[in-house]
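Chemist: Got a predicted structure here, sequence first:
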Amino acid sequence: MTMARLLSAFRRPGSPRIVALQTGHADQCAPLHAKSFLHAWSASEFETLLASGSVEGTAAIDSRSEALWGFVLSRRAADEAEILSIAVEPSLRGRGVARALLSDHLDRLFYVGVGALFLEVERGNSPACALYARFGFREVGERRSYYQSPGDKAAAIVMRKDLP
């Protein structure tokens, strides 16, 4: 590993710019989703979701390069919503990107009239569970053998947060 690459691994990135996720981001969402989930969604699936009037999306964009650092997508139904997916570039995890995304996303959902937000998270995903707990999500159920991973099936924790 070169010295420059070693130093860049420890350099903290600048703050992301948090914006509404648009259909134009679909081509960047698909590869990022593939880095985060076993069953990745295609760019056309992202386009369809983002074009839907019931889907709210938030993106974290690198202020310098305009690269997509992360996103969160939720689907609204009446005064409730469910987080469909949240993903952050693996090299940027643990640096506050998901926290910034989720904070802004919760504000956006509240603004459009969402009173309760649900999500499912793999029981063994400690960083995600800690993030959601920090934001006031609480466990309200479990789906056994929900997530399929190589050679195993993991439980999903169902969580809820009342907004604001």
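Modeler: Nice, I can see it.

Chemist: isn't L102 right next to F135, touching?
Modeler: Yes. In this structure L102 lies within contact range of F135 using C-beta atoms under 8 Å: 5.9 Å. The C-beta positions use only the backbone N, C-alpha and C, and glycine is treated the same way.

Chemist: Have a look at those two and say which one is more surrounded.
Modeler: More crowded of L102 and F135, by other C-beta atoms under 10 Å: L102, with 23 against 15.

Chemist: The more buried one sits in which helix or strand?
Modeler: Assigning secondary structure by DSSP states H and E places L102 in helix 97-111.

Chemist: That helix: which residues count as buried?
Modeler: Buried residues in helix 97-111, defined by neighbour count with 16 or more other C-beta atoms under 10 Å: V97, A98, A100, L101, L102, D104, H105, L106, R108, L109.

Chemist: what would these look like in CSV with pLDDT and distance to T48?
Modeler: CSV is the format used below for the buried residues of helix 97-111 (pLDDT from 0 to 100; distance: C-beta to C-beta, whole Å):
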residue, pLDDT, distance to T48
V97, 96, 25
A98, 96, 24
A100, 96, 26
L101, 97, 21
L102, 97, 23
D104, 97, 23
H105, 98, 20
L106, 98, 24
R108, 97, 20
L109, 98, 20
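
Chemist: now, the most widely separated pair of those residues?
Modeler: Among the buried residues of helix 97-111, the pair separated by the greatest distance (C-beta to C-beta) is V97 and L109, at 18.5 Å.

Chemist: from the chain's centre, how far out does stretch 89-101 sit?
Modeler: 10 Å (C-alpha atoms, centre = their mean, to the nearest Å).

Chemist: Alpha carbons only: can I get that stretch in CSV?
Modeler: Provided in CSV are the C-alpha atoms of stretch 89-101 (Å, rounded to 0.1, in the frame of the first residue of the first chain):
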residue,chain,number,x,y,z
GLU,A,89,-20.6,3.4,0.9
PRO,A,90,-18.6,0.7,2.9
SER,A,91,-15.5,2.8,3.2
LEU,A,92,-17.5,5.7,4.8
ARG,A,93,-19.4,3.6,7.4
GLY,A,94,-18.9,4.7,11.0
ARG,A,95,-18.2,8.3,9.9
GLY,A,96,-21.7,9.8,10.5
VAL,A,97,-23.1,9.5,7.0
ALA,A,98,-26.0,7.3,8.0
ARG,A,99,-26.7,9.5,11.0
ALA,A,100,-26.9,12.6,8.8
LEU,A,101,-29.1,10.8,6.2
